[in-house]
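Student: below are the sequence and a predicted model for it; my questions follow.
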Amino acid sequence: MSGQLLSITKKPVFFAVVLVVSLSLTGLLSLSGITRYWDKVLYDQCMRYRVLYGPETKNPLIAAIDLNDESIEILGEFLDTRRAFADVLDVLAQSNTDAALDFMFTSEKPHDPDFVDAVEWAGSTVIAALAVDSSLDTLPYKPLTETELLMIRRHIWNIRVLDKGKVPEANTFLLPFPSLIEAAAHIAHINIEPDSDGIYRRVPLLYGWEGGYIPSLALATAVEYLGVPIETIELKAGVYLAIPLSEEEVIRIPIDEQGRMLIPYTETWADDIKRIPFHTVAEAKNNDVVFDTIFTGLNGCIAIIAEISTSQKDFGPTSFERLYPLSGAHAEVLGGILDGLSKRAFIGWASLSYKVITLILLLVIAFLCNCAGKEIAFHLGFLLAFLGFSGVTVFRWQSAATMPWFAFPAAMLFCIWAGIFLVRLLQRYRKQLLLQNALSRYFPHALAERIMRERKTELIPAYKELTILFSDISGFTKWSSDKSPEQVHNFLNDYLESMAGILFDHGGTIDKFMGDGILAFFGDPFDTPNHCEQCLLAAIAMQEKVQILAEKWRPIVDIDLKVRIGINTGKVIVGNLGTKARIEYTVIGAAVNLAQRMESNAPVGGILVTAAVREKTMDKFSFPERKDVTVKGYTDTIEAYVLGEKL
């Protein structure tokens, strides 16, 4: 029955309707930002696991020189005059260490000449600037002077642009003082903005300026360290930023349309063992013992120098830590670029081809699940599809650090499952109502409910012993020949309704109505040990009801209502029989035919039963008259008895 019940759900038209509704709902979830929010939550959990439990570690070439509260207290005036910065850069230059300064040196101080000399002597120092985005309506900074314009133009990157996408343009920059710009190897922006939920997940690698680009602090530092010619760098917004190391080896940084790179965090700030207080490096200028320690630890490395004092606001929440210094984000981006040939160096996005293939596969699986006749196969199919897609998502994160694209396909799959399941439930409920209504025409209401409850609706043909009852109105054909259809209809409805009620009350099953005739049986679909007795009680009650109906209808339609009833018990085949187009719950066999012969030979207004019936019930009913009946197909006469009263 399940295949018939759910055949409608197999139609492509039905699936298409559910699909359209499901995709519409999923689209609304996407437009509302809910699916993107779910993906961010999942991404944060993946990143948290990567940082806290994963095997990744920060590139050992990168060191953090922290201007913390202790350093500020120890160095004091030397910081204000920038003498300490000059000393730190001298020590780093002597240690063969490249430096990137995450500071804004906008005004000049007394020891700036020494500071500038140290930057120029080092030759590879990257100095920070702050880009003012062109999307801002107001400019909080003063316009650049001609000198500043000339100097910053020397630092513009003219790279190969395959697709500039939506890389942001800068209106102006907050720059360091001119002599520092001139001495620096690169001027790089330190802009970094959180996502809409306040979490720092990505950093812009480029800002457009006068037809070229100003790189981020980490990108400029990496390119300087690797010695890559600027003009060989290739931009394809929405896909990658390529840094060629050779003809065979190219670092491809995955970026979005705005040129932003996902920050490949590897560890918490507290777990970074290569952190050195600023004052320790400054003291190495005049302390050979300290210098030797610094030289040993930093030789050939890259140092990112930044202030992380409690007075600074250069902190923000990440996926794994509520307060994280943003200089650490620059360090992680730098480490990712330097490790760029590794599979998990960068966090990538799912490609368009992957998304299309995934959606098509999920839709095919959903259609196949929809075609499943059995409920367990339907639900299990969707569950396996969800688990399989989840496994692929986790595998892609673990193997290639691909940002999970999960919420939209999962939501689509859920909506399709829920839509089909809801319709299946409605179809099943409708079928059950129709089936229960149909069963109620054959069985008593309580029995019909039991059949539905115990799922015995298949009614598979079986060979079993039943008691069969035939009844027929005497002289009905002659009487109805001159009556109007309305009179015949009204009378028969009342008569058959009354007879059906009695049969149902005694546990009988109505096989069919044959005009004024009735075929009923007792003992199926549920076994009834006393089915023969119940049949005889029903027959007696029917004859009693006939007398009442006769009094009622005689003055109305002029009918002398009398009924013959024949009963037999024996082995028959009972169950659903027929064709695909039409099927009936019925009984067939010799015992059925003999019951019909009993009815045709029964006295008018009487009940004639076979000897088999009498044998089973003789202790409970009287059988006052015996009749020997000649039946077609039988050589000898059949022993029959007229049913009397209940003892």
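Tutor: That came in fine, so what should we check first? Computed from a prediction, not measured in an experiment: that's the story for all the values here.
Student: what's the local residue count around residue 179?
Tutor: 17 (other Cβ atoms under 10 Å). Glycine gets a C-beta too; all of them are placed from N, C-alpha and C.
Student: and the one 10 residues further on, by the same measure?
Tutor: As a burial measure, the neighbour count of residue 189 was computed by other Cβ under 10 Å and equals 26.
Student: for it, which non-adjacent residue is spatially closest?
Tutor: residue 131 (4.4 Å; Cβ to Cβ, 6 or more residues apart in numbering).
Student: go on, residue 181?
Tutor: residue 151 (4.4 Å).
Student: did I read that right, the one you found in a helix?
Tutor: Yes - inclusion of residue 151 in a helix is indicated when DSSP: H, G, I helix; E, B strand; the rest coil is applied.
Student: what is the burial count for it?
Tutor: Residues near residue 151, counting by other Cβ under 10 Å: 20.
Student: and the gap between it and residue 315?
Tutor: Computed as Cβ to Cβ, to the nearest Å, the residue 151 to residue 315 distance reads 31 Å.
Student: sorry, back to before: contacting residues for the residue nearest to residue 181?
Tutor: Residue 151 makes contacts with 175, 178, 181-182, as judged by Cβ atoms under 8 Å, 6 or more residues apart in numbering.
Student: how much space between it and residue 292?
Tutor: Look at residue 151 and residue 292: by Cβ to Cβ, they are 37 Å apart.
Student: could you do residue 309 as well?
Tutor: 28 Å.
Student: list the helices and strands the helix or strand encompassing residue 37 packs on?
Tutor: In the assignment (DSSP states H and E), residue 37 maps to helix 34-53. In terms of contacts (3 or more Cβ pairs under 8 Å, 6 or more residues apart in numbering; DSSP states H and E), helix 34-53 is packed against helix 12-31, helix 407-442.
Student: what backbone torsions are found at the residue nearest to residue 189?
Tutor: phi -80, psi 140 (degrees, to the nearest 10).
Student: quick one, what contacts it?
Tutor: Residue 131 makes contacts with 168, 170, 173, 189, 191, 207, 209, 214, as judged by Cβ under 8 Å, 6+ apart.
Student: do residue 198 as well
Tutor: 316-317.
Student: also residue 162?
Tutor: Taking Cβ under 8 Å, 6+ apart, one finds 234-236 in contact with residue 162.
Student: retrieve the pLDDT associated with the residue nearest to residue 219 when sequence neighbours are not counted.
Tutor: With sequence-adjacent residues excluded and distances taken as Cβ to Cβ, 6+ apart, residue 219 is closest to residue 205, at 5.0 Å. pLDDT for residue 205: 97.
Student: endpoint to endpoint, stretch 468-486 covers what distance?
Tutor: One end of stretch 468-486 to the other measures 31 Å (Cα to Cα, to the nearest Å).
Student: and the residue lying closest to residue 168 once chain neighbours are set aside, bridged to which residues?
Tutor: Counting by Cβ to Cβ, 6+ apart, residue 168 lies nearest to residue 133, which is 5.4 Å off, once chain neighbours are set aside. Counting by DSSP bridges, residue 133 is bridged to residue 170.
Student: surely residue 133 is in contact with residue 173?
Tutor: No - if you go by Cβ atoms under 8 Å, residue 133 and residue 173 don't touch, sitting 10.8 Å apart.
Student: more neighbours, the two?
Tutor: Using other Cβ under 10 Å, the more surrounded residue of residue 133 and residue 173 is residue 173, with 21 against 14.
Student: so is that one in a helix, a strand, or just coil?
Tutor: strand.
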